[in-house]
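# sequence plus predicted model, see below.
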Amino acid sequence: MPITAPDPAKLDLLQAALPNVAFDGWSPATFKAAIEATGIDPARARALCPRGAVDLAALFHTEGDRAMVEAMKGESRGSRRYSEWVAHALRVRLDVVEDKEAVRRGTSLFALPHLAGDGARLLWGTADAIWTALGDTSDDVNWYTKRATLSGVWGAVVLFWLGDLSDGHVETDAFIDRRIADVMRIEKLKAQVNANPMLRPLTGPLGRLMGAVKAPRTGADPRVPGMWRMGADR
């Protein structure tokens, strides 16, 4: 799904907040300092960010997704295998991060129980941005499984990267390759199961059931994640 452009004033608040995040985290103190630094009316700042610095932390994440999409424009898969193409996009997403400590603080913030749902949505959003940047055209249940799988991979990659002290993050590169290899093994196993004639009485009906699941329509109500269709189009 396209990432909508935020209000410029909200971006100003984010840029003013970042120097304080390493010291105060994504906290009320950081949000207050950002308001003072920008001179934005506090009432407008609260209208833009009802949850204060939490909304700025979410914006920091989605702006990283936007930067990744921009960096991927004009790139082509070339001779890369599809798994290598996905791994490349994950590396680009890491490369566009300009403040590692802000990511660390944000990871801790969205791990809190009352914000875990927001954290999951941000992970899903990154996975969706990556698949969209790669030109994914799936419109069935694969739309969901691709994003669910990549969300898990991305979450693990970020945690590893935050603790990686190797030169040029070479250990993170190797970790990405291992995680993608794990996913490919799962996909290979799924293909073997679907091709097994002994399992067809189970996989056949399940496949038809999954075929009724459709990806979200462009411009659909964001509260409705997808579309369920039984039988022919209506």
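Done, it's in.

# only C-alpha atoms from now on, for both contacts and neighbour counts.
OK.

# which other residues reach stretch 26-40?
For stretch 26-40, the surrounding residues in contact (Cα atoms under 8 Å, 6 or more residues apart in numbering) are 9, 12-14, 16-17, 20-21, 24, 41-42, 45, 52-54, 56-57, 105-106, 109.

# mind checking how far that stretch is from the chain centre?
26 Å (Cα atoms, centre = their mean, to the nearest Å).

# how about it as CSV, C-alpha atoms only?
What follows is stretch 26-40, C-alpha atoms only, in CSV (Å, rounded to 0.1, in the frame of the first residue of the first chain):
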residue,chain,number,x,y,z
TRP,A,26,10.4,8.6,22.9
SER,A,27,9.1,10.3,26.0
PRO,A,28,6.9,13.3,27.0
ALA,A,29,10.1,15.2,27.7
THR,A,30,11.3,14.6,24.2
PHE,A,31,8.0,15.7,22.8
LYS,A,32,8.0,18.9,24.9
ALA,A,33,11.5,19.7,23.7
ALA,A,34,10.5,19.2,20.1
ILE,A,35,7.6,21.6,20.5
GLU,A,36,9.8,24.2,22.1
ALA,A,37,12.5,23.8,19.4
THR,A,38,10.1,24.2,16.5
GLY,A,39,7.9,26.9,18.0
ILE,A,40,4.8,25.0,16.9
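
# which of the residues in that stretch are buried?
Neighbour-count burial for stretch 26-40, counted by 16 or more other Cα atoms under 10 Å, picks out 26-27, 29-35, 38, 40.

# so what's the residue nearest to residue 215 when sequence neighbours are not counted scoring on pLDDT?
Counting by Cα to Cα, 6 or more residues apart in numbering, residue 215 lies nearest to residue 139, which is 4.7 Å off, once chain neighbours are set aside. According to the prediction, residue 139 has pLDDT 84.

# what helix or strand does residue 139 sit in?
Assigned by DSSP states H and E, residue 139 falls within no helix or strand.

# what's the helix or strand for residue 10?
helix 8-24.

# tell me the helix or strand right after that helix.
That would be, after helix 8-24 and using DSSP H and E, helix 28-38.

# what's the neighbour count on residue 46?
Number of residues near residue 46 (other Cα atoms under 10 Å) recorded here: 15.

# need the contact list for residue 155.
residue 123.
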